[in-house]
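Colleague: Return atomic coordinates for the entry below.
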Amino acid sequence: METAVHRTKKMRRRFIYMGNLLLVILTVAGLRIFCAGSYRISTGAMKDTLQKGDFVLVNKMRGATNPGRERVVLFRHPSGAGDAPLLLSRCVAMPGDTLRIVSGGWYVNGRWRPDDTLPGRLFRIRKDIGAPLLEALTQLQIPCRNVSEDAQSLTLRLTAAEAQRIRAHLPHIVQLNPVADDADGYTFIIPFKGYAYHPDSISLKLYREAIRCETDGKASVRDGKLWMDGREMSLFRFGRDYYWMLSDQAAEAVDSRQLGLIPAGAVVGNVWFCWFGNDPKRIFKRIH
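Modeller: Okay, here's the model as predicted:
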């Protein structure tokens with residue numbers, strides 16, 4: 001017959017067991033939320049390093065080297081939306097770095113980084129033939145890069161080969177006129193918290209989205225100048241750190257080529273290693 005003392009000891013063991021189980025669950029949840037997380041790769045943007053279907057462990061503990069220079073980094077789309085997609089790229093420029101964009105590549109702190117996805121010229125066409133041009137771009141599978149417009153014309157960036165293909169496709173209606181590109185060969189500073197920025201018409205093309213987000217949409221760019229609360233801003237002080245992310249496979253990537261600056265708040269962390277995948281040689285090896 002079970003005594004009251006026996007029932008008390010049994011109940012105490014149950015409480016201890018449940019308490020330990022709860023502690024384990026909270027510890028694991030805390031590690032996953034704040035320290036590390038497992039993710040499945042669904043993109044070929046870094047296929048020289050990671051393959052689609054690989055499972056990776058990501059270090060979420062932020063520090064001086066996380067995100068780290070030249071490390072493969074997981075980050076969220078900087079739109080800030082709650083369902084913003086996760087993206088994978090290599091961190092090539094850190095807060096305070098000097099970035100120079102030239103035809104065919106980048107200079108990061110004076111170090112050359114080739115990039116065949118950067119065409120060398122901007123071209124201008126009449127605005128009234130923009131629709132046939134966009135249709136031709138779709139048919140020829142040519143991406144729309146740096147498209148902008150004014151009252152009379154459209155401008156977009158093309159390689160010489162792409163421009164020739166468009167001329168051959170629409171020989172009677174399209175005249176592609178190369179124009180000077182002020183951004184080609186321009187040098188930018190990757191903003192850091194406290195960076196005092198004096199706006200100019202060229203760098204605003206890179207900084208405007210970051211400034212708009214930092215000011216909750218109160219800042220705007222008009223006629224190559226920065227405006228906020230109805231007055232022109234001659235100085236803007238950044239309140240966040242930013243990074244420049246580039247994927248190894250540009251054709252499959254969404255990175256700073258399209259998104260521009262990546263704020264620190266969007267960074268999840270460095271990819272540590274692949275813990276499961278199709279290539280056993282890469283499993284549990286540190287990702288560089």
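Colleague: what's the burial count for Trp244?
Modeller: Trp244 has 25 neighbours, counted by other C-beta atoms under 10 Å. For the C-beta atoms, the positions are set from N, CA and C on the backbone; glycine is no exception.
Colleague: which stretch of helix or strand covers it?
Modeller: Taking DSSP states H and E as the criterion, Trp244 maps to strand 242-246.
Colleague: ok, Ser256 - how many residues close by?
Modeller: When neighbours are counted by other C-beta under 10 Å, Ser256 registers 24.
Colleague: Could you pull up phi and psi at it?
Modeller: phi -70, psi -10 (degrees, to the nearest 10).
Colleague: I figured it was touching Ala250, is that so?
Modeller: No - applying C-beta atoms under 8 Å, one finds Ser256 not in contact with Ala250, separated by 10.8 Å.
Colleague: all helices of the chain, in order?
Modeller: 4-30, 130-140, 160-169, 204-214, 256-259 (DSSP state H).
Colleague: Could you list the low-confidence segments of the stretch 101-250 of the chain?
Modeller: The stretch 101-250 of the chain contains residues with pLDDT under 70 at 103-104, 116-120, 160, 174, 180-185.
Colleague: all strands for it, in order.
Modeller: All strands of the stretch 101-250 of the chain, identified by DSSP state E, counting those that start in this stretch, fall at 105-108, 111-114, 121-126, 148-149, 153-158, 177-179, 186-189, 196-197, 219-222, 225-228, 231-232, 236-237, 242-246.
Colleague: burial count for Leu246?
Modeller: Residues near Leu246, counting by other C-beta under 10 Å, number 20.
Colleague: how about it, what does it touch?
Modeller: By C-beta atoms under 8 Å, 6 or more residues apart in numbering, the contact list for Leu246 reads 89-90, 92, 106, 113, 115, 253, 255-257.
Colleague: 6 Å - rerun?
Modeller: Counting by C-beta atoms under 6 Å, 6 or more residues apart in numbering, Leu246 makes contact with 89-90, 92, 255.
Colleague: which ones are touching the spatially closest residue to it that is not a sequence neighbour?
Modeller: The shortest distance from Leu246 to any non-neighbouring residue, by C-beta to C-beta, 6 or more residues apart in numbering, is to Val92 (5.0 Å). By C-beta under 6 Å, 6+ apart, the residues touching Val92 are 108, 244, 246.
Colleague: can you list the strands of the stretch 101-250 of the chain in CSV and add distance to Gly53?
Modeller: Converted to CSV, the strands of the stretch 101-250 of the chain look like this (distance: least, C-beta to C-beta, whole Å):
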stretch, distance to Gly53
strand 105-108, 30
strand 111-114, 28
strand 121-126, 39
strand 148-149, 39
strand 153-158, 34
strand 177-179, 43
strand 186-189, 36
strand 196-197, 42
strand 219-222, 42
strand 225-228, 45
strand 231-232, 51
strand 236-237, 43
strand 242-246, 22
